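1. okay, predicted coordinates and the sequence, questions at the end:
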Amino acid sequence: MLNGGGYGKHTLFDQETIGEFVAPSEMNPTYGLGWRRNGDASMEWMFSPYASDSAYGHTGWTGTVTIIDPEIGLGIVLLTNKKHSPLVNPVANSNQFFGDLFKTGSYGSVVTAIYEALENE
């Protein structure tokens, strides 16, 4: 996605296709075609306050996030296994895992730390 749809000598899709993938939905500007977009302030939980307006990404329920910020040529991939940790309180909430409580369980805090580290370089 950062290389215009290809890598090295291999082209997977063209710039027009990328444009279709990341174009904002008419119903909600935070959605693209298979991607979430940094379409408004409601997406700070995922993108951090530092991502450009053109940033897009995808999360996975198990604890993964991908952020692509084409304005600064940045790709972030966070792979965790937070949903494969014990439940905090299975009786009260069968959907909260101990991994959700770790720093890596909050996408925005990790993405924020990466942007801040780059800013301080």
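-> Here it is on my side, so go on. Keep in mind that what you see is a predicted model, and the values were worked out from it rather than measured.

2. what is the longest helix seen in the chain packed up against?
-> The longest helix of the chain (DSSP state H) is helix 107-119. For helix 107-119, the packing partners by 3 or more CB pairs under 8 Å, 6 or more residues apart in numbering; DSSP states H and E come out as helix 44-47, strand 64-69, strand 74-79. Bear in mind the C-beta positions are built from the backbone N, C-alpha and C, glycine included.

3. figure out which of those is closest to R36.
-> helix 44-47 (6.4 Å; CB to CB).

4. for the residue located most distally from the centre of the chain, give me its contacts.
-> Most distant from the centre of the chain: V91, at 30.7 Å, with distances by CA atoms, centre = their mean. For V91, the contact set (CB atoms under 8 Å, 6 or more residues apart in numbering) is empty.

5. count the neighbours of the nearest residue to G32 once chain neighbours are set aside for me.
-> Leaving aside its sequence neighbours, G32 sits nearest to V22 (CB to CB, 6 or more residues apart in numbering; 4.6 Å). Neighbour count of V22, defined by other CB atoms under 10 Å: 19.

6. how about the one 5 residues further on?
-> M27 has 7 neighbouring residues, counting by other CB under 10 Å.
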